[in-house]
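> Here's a sequence, model it:
(one chain, ligands or ions: 1)
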Amino acid sequence: MQKMIEMEIAGVRRRLPLYQVDEETYEAVFIAFNDVTLTQNAARALLEQVPDFDCILTEETQGVPLAFEMSRQAGLKRYIVARKQAKAHMDDVVAIQIEGKIEGEEDVPLNVRKLYLSQEDALYLKGKRVLLVDDCVLHGKTMYALDQLVDALGGYVAGMATILVQEGAPDLPDLLALGRVPMFDAASVQAVPLEPVGLVYAEAVDEEGADE
Ligand SMILES: O=P(O)(O)OC[C@H]1O[C@H](OP(=O)(O)OP(=O)(O)O)[C@H](O)[C@@H]1O
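Just a heads-up that it's a prediction; the model follows:
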């Protein structure tokens with residue numbers, strides 16, 4: 001039976017499925033896709049608190065709706081998406097290799113990975129104050145990679161903004177988050193007889209649709 005938690009995110013109540021990470025731990029699974037109201041609310045709440053910036057940068061995939069909505073609300077006509085793979089049409093691609101580890105109480109090792117941008121997007125970031133945006137931060141790997149990318153392209157990281165940050169994520173001093181992805185001791189998690197996740201989510205969106 002699916003275990004769920006209900007929590008408030010960006011001013012709306014949502015039910016998140018719980019995923020068993022190991023014998024002792026469950027974590028809530030936050031997927032921002034599909035939820036227009038939550039994305040709009042989160043964009044507004046984050047924009048009220050972030051430092052001044054010129055441009056938003058995210059990494060595909062799930063950060064894209066939030067990056068778009070924050071850019072739209074901020075009156076910006078352009079935002080940049082770093083790709084995880086070079087596409088066949090990207091003949092002028094700029095590839096940045098990310099490696100190393102995120103240092104903290106417990107270092108997070110990074111698999112070597114590459115991010116790709118068009119030349120035009122890469123040049124656009126040069127000299128700009130760039131706000132890094134993602135839907136959630138779990139181990140901090142995406143924010144770390146975007147930070148390295150901006151650095152390599154001659155931009156300045158103005159700050160980092162996300163909807164939820166995982167409990168126990170490395171401490172990122174510039175990170176603004178609206179809440180936490182909770183983790184639970186498996187012994188204390190009760191199975192709640194709820195409908196399947198998709199249906200619950202759809203109902204929640206309908207219920208909250210009026211507050212757009
Ligand atoms: O803090 P991190 O350890 O980087 O984890 C957070 C990232 O993980 C998820 O993306 P995922 O890598 O699953 O890719 P997707 O957006 O393409 O689904 C999420 O959307 C964040 O981008």
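
> Does D147 touch Y156 like I think?
No - the pair D147 and Y156 fails to qualify as a contact (C-beta atoms under 8 Å) at a distance of 10.6 Å. For glycine as for every other residue, the C-beta is placed from the backbone atoms N, C-alpha and C.

> out of those two, which sits in the busier spot?
D147 (20 against 13; other C-beta atoms under 10 Å).

> For the closest residue in space to that one that isn't next to it in sequence, which residues count as its bridge partners?
Using C-beta to C-beta, 6 or more residues apart in numbering and skipping the chain neighbours, the partner closest in space to D147 is V157 (5.5 Å). When assigned by DSSP bridges, V157 has beta-bridge partners V130.

> Count the residues that sit near V157.
If you count neighbours by other C-beta under 10 Å, V157 ends up with 19.

> For it, list the residues it contacts.
For V157, the contacting residues are 130, 132, 147, 150-151, 174, by C-beta atoms under 8 Å, 6 or more residues apart in numbering.

> Keep those residues, but drop any that are not near the ligand.
Among the contacts of V157, no residue lies close to the ligand (C-beta under 6 Å from any ligand atom).

> Would you point out the helix or strand in the chain whose mean pLDDT is lowest?
Of the helices and strands making up the chain, the lowest-confidence element is helix 197-208, at a mean of 35, by mean pLDDT, DSSP states H and E.

> one step back: show only the entries of the contacts of V157 found in strands.
130, 132 (DSSP state E).

> Farthest pair within the contacts of V157?
Comparing all pairs in the contacts of V157 by C-beta to C-beta, the longest separation belongs to D151 and D174, at 12.9 Å.

> Would you mind writing the PyMOL command to select the buried ones in the contacts of V157?
The following PyMOL line selects those of the contacts of V157 that are buried, judged by 16 or more other C-beta atoms under 10 Å:
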select buried, resi 130+132+147+150
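
> Dump the contacts of V157 to JSON lines, plus pLDDT.
Shown next, in JSON lines, are these (pLDDT from 0 to 100):
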{"residue": "V130", "pLDDT": "98"}
{"residue": "L132", "pLDDT": "98"}
{"residue": "D147", "pLDDT": "93"}
{"residue": "V150", "pLDDT": "95"}
{"residue": "D151", "pLDDT": "93"}
{"residue": "D174", "pLDDT": "88"}
